[in-house]
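Asker: below are the sequence and a predicted model; questions follow.
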Amino acid sequence: MHGILLILVLAFQNLTPEALKHAEAGMDLQKQGKQNEAIAEFRKVAELMPELAAAHVNLGQAIMQGGDFSGAIPPLKRALELNPDLIGAHQMLGYSLLAAGYAAEAIPHLEKIQAVDALGVAQLKAGRYAEAIGNLQAALAKRPNDPDLLYYLGRASGLLSRDTLETLKTTQPDSARSHQILGETYAIMHNAVGAEKEFMEAIRQRPTTPGIRLELAELYVAAGKWDLAEQQFNIESQLQPGDGEAAYRLGNAQLQQGKIKAARKALEHANTVQPGVPDTLYLLGKVTGLDDDPVTAEKLWRELLTLDKDSNLAAQAHFGLANLYRQGGKTAQADAELKEFQRLQKAK
């Protein structure tokens, strides 16, 4: 805004007496909140001094302030035709063009003033997703957790991902990854048969590709086919021994089938390669309790509660501790844990 105010001062210094009279009247009307009357006065200034860039800038600014972004565009463009170095005019024109839906045309003006937030939005709307992501990330670094920036960044990322996947399907329609995409699409549509077929074809083509077996296994989990899910989770965890998620899912599938020893081994491995994950700590605590190891179960659930105090997992950890203490004859401690469980349940 300091640059714009400077333009106003410069404009007043170069005005004829009649133009100055209209400019001062416009300023007074703006202060009174009479925006339409002010615009009319600034328009007279621009008509009286058509070769003065600042006069057109002031008119464009007044129109912008009245909420008419489309109407602000012509005088701001004229100002830049007369003087291309007016940064304030580039700023207002860039924002006006963007607000009026002319995203592609706004980009060079927003680039000139390095307005990375608005520039990212303009690039998103112009279909330049990769560039938009970079600028929106830069803007988000300055304004963390800004809801608008988070929305636009998420949208740009999603659209870039969509276009990339469409290119993959078009250029490599019979590749393993294309079959994986089709499988994911069928899964979203709740077509388990079609999804299984596509995932199996992707695995046939590239049996060691990470991730596909996890998606196939989740189909089996949704259908309650825990034995088939376990097979795929087991292969995935062998392919990626450093992936804690694969080991966690394997342990969960084994637990669902009552394979306590095997589940404990898998979950301990998950907790080793990716320690401190609340879901793993909870399930491993449950498994060690079932494996007649209440001391370890208590330790794991206590660790979970240092990381997560208010979630549903925390409530379940309190409930598990209450059962452990009751079985061990520690009635007071059991009652305290049960109260915490009930408190969290009520809060939910």
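Answerer: Noted; the coordinates are in hand.
Asker: the stretch 151-300 of the chain: helices as residue ranges?
Answerer: 176-188, 192-205, 212-222, 226-239, 244-256, 260-273, 278-290, 294-307 (DSSP state H, counting those that start in this stretch).
Asker: and the last one, what does it pack onto?
Answerer: When you say that, I think you mean helix 294-307. Applying 3 or more Cβ pairs under 8 Å, 6 or more residues apart in numbering; DSSP states H and E, we find helix 294-307 packed against helix 278-290, helix 312-327. Just so you know, the C-beta spots here come from the backbone N, C-alpha and C atoms, and that holds for glycine as well.
Asker: for the nearest residue to Glu268 once chain neighbours are set aside, what are its contacts?
Answerer: In space, and not counting its chain neighbours, Glu268 is closest to Leu284: 6.6 Å by Cβ to Cβ, 6 or more residues apart in numbering. By Cβ atoms under 8 Å, 6 or more residues apart in numbering, Leu284 lies in contact with 251, 264, 267-268, 270-271, 300.
Asker: adding pLDDT and distance to Gly33, write the residues you listed out as JSON lines.
Answerer: Formatted as JSON lines, the contacts of Leu284 follow (pLDDT from 0 to 100; distance: Cβ to Cβ, whole Å):
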{"residue": "Gly251", "pLDDT": "98", "distance to Gly33": "67"}
{"residue": "Arg264", "pLDDT": "97", "distance to Gly33": "72"}
{"residue": "Leu267", "pLDDT": "98", "distance to Gly33": "67"}
{"residue": "Glu268", "pLDDT": "97", "distance to Gly33": "70"}
{"residue": "Ala270", "pLDDT": "96", "distance to Gly33": "64"}
{"residue": "Asn271", "pLDDT": "96", "distance to Gly33": "64"}
{"residue": "Leu300", "pLDDT": "97", "distance to Gly33": "65"}
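Asker: out of those, who's nearest Gly67?
Answerer: Ala270 (56.2 Å; Cβ to Cβ).
Asker: neighbours of that closest one, how many?
Answerer: 27 (other Cβ atoms under 10 Å).
Asker: gap between it and Arg78?
Answerer: Look at Ala270 and Arg78: by Cβ to Cβ, to the nearest Å, they are 66 Å apart.
Asker: please apply the same query to Gly134.
Answerer: 33 Å.
Asker: neighbour-wise, which of these two wins?
Answerer: Shown here are Gly134 and Arg78; by other Cβ under 10 Å, Arg78 has more neighbours (19 against 15).
Asker: list the contacts of the more buried one.
Answerer: 53, 56.
Asker: next: the one 5 residues further on.
Answerer: Asn83 makes contact with 53, 89, according to Cβ under 8 Å, 6+ apart.
Asker: same deal with Leu150?
Answerer: Leu150 touches Leu140, counting by Cβ under 8 Å, 6+ apart.
Asker: thinking again about what came up before, could you export the contacts of Leu284 as CSV, including distance to Ala122?
Answerer: Formatted as CSV, the contacts of Leu284 follow (distance: Cβ to Cβ, whole Å):
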residue, distance to Ala122
Gly251, 48
Arg264, 54
Leu267, 49
Glu268, 51
Ala270, 44
Asn271, 46
Leu300, 50
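Asker: out of those residues, which is nearest to Leu168?
Answerer: Looking across the contacts of Leu284 and measuring by Cβ to Cβ, the closest to Leu168 is Ala270, at 31.2 Å.
Asker: tell me the confidence at the residue nearest to Glu268?
Answerer: Note for Leu284: predicted pLDDT of 97.
Asker: for it, give its distance to Gly244.
Answerer: Leu284 is 11 Å from Gly244, by Cβ to Cβ.
Asker: who touches both of the two?
Answerer: Joint contacts of Leu284 and Gly244 (Cβ under 8 Å, 6+ apart) are 270-271.
Asker: list the contacts of Ala176.
Answerer: Contacts of Ala176 (Cβ under 8 Å, 6+ apart): 201-203, 205-206, 209, 212.
Asker: try 6 Å this time
Answerer: Applying Cβ atoms under 6 Å, 6 or more residues apart in numbering to Ala176 gives the contacts 202, 205-206.
Asker: export the residues you listed as JSON lines, with columns for distance to Gly224, neighbour count and pLDDT.
Answerer: Below are the contacts of Ala176 laid out as JSON lines (distance: Cβ to Cβ, whole Å; neighbours: other Cβ atoms under 10 Å; pLDDT from 0 to 100):
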{"residue": "Ala202", "distance to Gly224": "23", "neighbour count": "25", "pLDDT": "94"}
{"residue": "Gln205", "distance to Gly224": "28", "neighbour count": "16", "pLDDT": "94"}
{"residue": "Arg206", "distance to Gly224": "28", "neighbour count": "14", "pLDDT": "93"}
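Asker: dump those into TSV; add distance to Gln65 as well.
Answerer: Formatted as TSV, these follow (distance: Cβ to Cβ, whole Å):
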residue	distance to Gln65
Ala202	57
Gln205	61
Arg206	59
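Asker: tell me the contacts of the closest residue to Val221 other than its chain neighbours?
Answerer: Closest residue to Val221 apart from its sequence neighbours, by Cβ to Cβ, 6+ apart: Ala229 at 4.8 Å. Taking Cβ under 6 Å, 6+ apart, we find Ala229 in contact with 217, 220-221, 253.
Asker: mind running it again at 8 Å?
Answerer: So Ala229 contacts 217-218, 220-221, 249, 253 (Cβ under 8 Å, 6+ apart).
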